[in-house]
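Novice: Provide a 3D model corresponding to the input given below.
(chains A and B)
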Protein chains: 2
Amino acid sequence: MSIIVQKFGGTSVANPERIKAAANIAIKTFNQGHQVVLVVSAMSGETNKLIKLCDEMMPSPELREYDSIVSTGEQVTSGLMALSLINLGFKAKSYSGHQVKIETDGAHSKARILNIEDTNLKKDLNNGFIAVVAGFQGIDKKGNITTLGRGGSDTTAVALAAALKAEECQIYTDVDGIYTTDPRVVPEAKKLKSINFEEMLEMASLGSKVLQTRSVEFAGKYKVKLRVLSSFSPNNEGTEINFEEKKNMEDPIISGIAFNRDEAEVNILGVPDMPGIAYQILGPIAEANIDVDVIIQNLGQDGLTDFTFTVQKNDLKRTLKILNEKVKDHIKAREIKCDDEIAKLSIIGVGMKSHVGVASKMFRTLAEEGLNISTISTSEIKISVILEEKSLDKAVKALHKAFDLDKI
Amino acid sequence: MSIIVQKFGGTSVANPERIKAAANIAIKTFNQGHQVVLVVSAMSGETNKLIKLCDEMMPSPELREYDSIVSTGEQVTSGLMALSLINLGFKAKSYSGHQVKIETDGAHSKARILNIEDTNLKKDLNNGFIAVVAGFQGIDKKGNITTLGRGGSDTTAVALAAALKAEECQIYTDVDGIYTTDPRVVPEAKKLKSINFEEMLEMASLGSKVLQTRSVEFAGKYKVKLRVLSSFSPNNEGTEINFEEKKNMEDPIISGIAFNRDEAEVNILGVPDMPGIAYQILGPIAEANIDVDVIIQNLGQDGLTDFTFTVQKNDLKRTLKILNEKVKDHIKAREIKCDDEIAKLSIIGVGMKSHVGVASKMFRTLAEEGLNISTISTSEIKISVILEEKSLDKAVKALHKAFDLDKI
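Specialist: Numbering: from 1, shown residues only, chains lettered A, B, ... in the order given. Okay, here's the model as predicted:
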């Protein structure tokens, strides 16, 4: 009998009515002849309420206690979901992290799953139970409760699907799938029936908020087929994230356009073009725990080069302070500039691996719209550009049309 | 090094401020050179909120899930208390039922403690930690979370004190000790410095709400010295509940007067005086899960007798229905009467074992006040009477004075 893992996020279990709706989705799958494992988040708002209590007791709360407190949100939902299923006449049981058990390392608040003991779960599934697992949590070797960090319930679901060799891991959320781009910017944006795993990984890391990068990576590592669906429109099939290579001529070259308005660009001009210069610039930034995204170093001239990178907008001030105080004179740079009115735009598609001309089509389209781009970076399956923030919407619309994404 | 167990109830941990105040009480004890184990209830209101959620999912919720959900209240408080202690510079750790671990039977929502594995706890105490245990909960042999029922956190505290051979188990609550009687009725009521365990057991079972009967019984069984104190006036020494026999002539004969306005009296008149009659009357009542308190059968005359018992006022209607439908004709009783405007009053004291004349002094005092009593029942250390509810206050005041309780 095949196993389906279904994960319901915070908005999908926000109150007793939503929990009942989710229970009905699970029952439908169960009645189709599957064994069903549910993974649930805390009811929306609950985790923040618990975090606030922690902060009131101790600024920067000690993490062992923080984990033990915050994990109760998921434990409550798992019990309520089981009650709802039992109330509808089905056999159901909740499991906290230590009951499954989901063993993690001891890195509180960002633990990694080491092992899943699925004996209890499998026994109950074989006895006709629907299993409801509290997401986001585990237990370390010493019996301490741990949490998995942001998007942790997605990770729990994928890890369980891998351990149980599930047919599919379904992520229920408040959107009904993965779109070619954000429908708020391009009303013609189309929901994708399927997307390749590598494309999804780029979409997630480039700012599509539907799935956390980490859970997509995890699914890739263990070849778990994912599906993103809406718990608010249960008859919709959502978007499947699979591992198939695109083979047909008709398959679109580009699957989606992702963008991010949260970054700022920093330019260091007139830097001596010598080995180790990137580390001398970025080392102090990394030490301050500032994440750097795009990094570009142009070809040098007369022994000098320009160095560009992007950071989150709210890290810009700290970044400039570090560069001016610790880096500029040290590396003898001529000037430091910055721009926080930029946006990053990326087109993504495994199809571009085998299609020349994708980049030139992208640049021609943007040029025809009169849009200027400052920097470009590419990988095998994506091309990212940085442009003025005010040009972003126009650029996304033009590219969406140029690559026929409205015709998918 | 001696161990002190301190239990803080819901009002004593109602919010972050109260939790910090409780943490300071624990620290004071720790700094006096004791090892300290705290047992905490859920923040007041939290358990009811969780029960309401359960009821919304399923009328009469399935109890395994109910226990798992409701137990999270104590888990949250234990973590918050540990954070508060860490924030003040002390080593502290929270423990849920499965982390201690506290093993119970599988009777969900009213589980009994079978065993406490104290290895982890003792190791941490010896390493200088203050241990904070979530009250009210345990885990059964199969790993299911269980709860101990009403007053469960008191039971957890007493059980831990017994297992750890603690010097004392301190119950922090919102009253500052055990009084000779309710100060709302008798303003001259005095706080007792100490009370004998058997007296406390009578006080608890007769309606003094400070301690649950079950935790007092537990303390008696394992000879755990209890102390009741207020977390709101931390410099008060409260009331010690010990196992010492009273020896001095000066020790008061009577320690306290307890009363209960919640009961109603039922009289069955003209019952054939024959073996098995009590069971024929009370059997159907017990089957309906109605608790019976005082039971009196008067001496018979002409082969007939009168049978009296008391029940909770809100059970009276159901009781009369059962008696009229299932009992009256069957046992050929003449008449069934009831009175719900009564109160039960008890004087309690181990001293009365060796002092004749306590009962006669009680009855004389009530007679001098012109108060009529309907029924009397006695044990070695208490005398209970039933009288009109409107006479109760006058009776309590008169007896409090007659037995010199205002001079303790």
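Novice: A:L192 versus the closest residue in space to A:D393 that isn't next to it in sequence, what's the distance?
Specialist: Spatial nearest neighbour of A:D393, chain neighbours left out: A:V185 (5.4 Å); criterion: CB to CB, 6 or more residues apart in numbering or on different chains. All C-beta atoms are positioned from the backbone trio N, CA, C, and that covers glycine. In this structure, A:V185 and A:L192 are 16 Å apart, going by CB to CB, to the nearest Å.
Novice: Distance-wise, check the residue in chain A sticking out farthest from the centre relative to A:L269.
Specialist: Among the residues of chain A, the one whose C-alpha is farthest from the average of all C-alpha positions is A:D302, by CA atoms, centre = their mean at 42.4 Å. From A:D302 over to A:L269 the distance is 13 Å, taken as CB to CB.
Novice: now do A:S94
Specialist: With distances defined as CB to CB, the gap from A:S94 to A:L269 amounts to 59 Å.
Novice: more neighbours, these two?
Specialist: Neighbours of A:S94 and A:L269, each counted by other CB atoms under 10 Å in any protein chain shown, are more numerous for A:S94; the result is 28 against 14.
Novice: Can you tell me the SS state at that one?
Specialist: For A:S94, the secondary structure call by DSSP: H, G, I helix; E, B strand; the rest coil comes out as strand.
Novice: Show the contacting residues for it.
Specialist: Applying CB atoms under 8 Å, 6 or more residues apart in numbering or on different chains, we find A:S94 in contact with A:75, A:78-79, A:81-82, A:132-134, B:65, B:68.
Novice: quick one: which of those is nearest to B:I285?
Specialist: Nearest to B:I285 among those is B:E65, at 31.7 Å by CB to CB.
Novice: give me the number of residues near the closest one?
Specialist: Burial of B:E65, expressed as a neighbour count using other CB under 10 Å, amounts to 28.
Novice: mind checking the end-to-end distance for stretch A:382-393?
Specialist: 19 Å (CA to CA, to the nearest Å).
Novice: ok, back up a step: if you look at the contacts of A:S94, which of them are in helices?
Specialist: By the criterion of DSSP state H, membership of these in helices covers A:75, A:78-79, A:81-82, B:65, B:68.
Novice: Mind checking which of those are buried?
Specialist: Buried by 16 or more other CB atoms under 10 Å in any protein chain shown: A:75, A:78-79, A:81-82, B:65, B:68, out of the ones in helices among the contacts of A:S94.
Novice: quick one on the thing from earlier: which one's more surrounded, A:V185 and A:L192?
Specialist: The neighbour comparison of A:V185 against A:L192 (other CB under 10 Å) goes to A:L192, with 24 against 16.
Novice: My understanding was that A:E237 contacts A:V228; is that so?
Specialist: No: with contacts counted by CB atoms under 8 Å, A:E237 stays clear of A:V228, the gap being 10.2 Å.
Novice: And these two? Which one has more around it.
Specialist: A:V228 (23 against 12).
Novice: Would you mind checking the average pLDDT for the helix or strand where the more buried one lies?
Specialist: Here A:V228 sits within strand A:226-230, counting by DSSP states H and E. Model confidence over strand A:226-230, given as mean pLDDT, is 94.
Novice: again with stretch A:169-185
Specialist: pLDDT averaged over stretch A:169-185 equals 91, rounded to a whole number.
Novice: quick one: buried residues of it?
Specialist: Residues of stretch A:169-185 classed as buried by neighbour count (16+ other CB under 10 Å): A:169-173, A:175-182, A:185.
Novice: and those as CSV, adding distance to A:K123?
Specialist: Output for these, formatted as CSV (distance: CB to CB, whole Å):
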residue, distance to A:K123
A:C169, 21
A:Q170, 23
A:I171, 26
A:Y172, 26
A:T173, 30
A:V175, 35
A:D176, 35
A:G177, 34
A:I178, 36
A:Y179, 40
A:T180, 44
A:T181, 45
A:D182, 44
A:V185, 49
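Novice: Okay then, goodbye and thanks.
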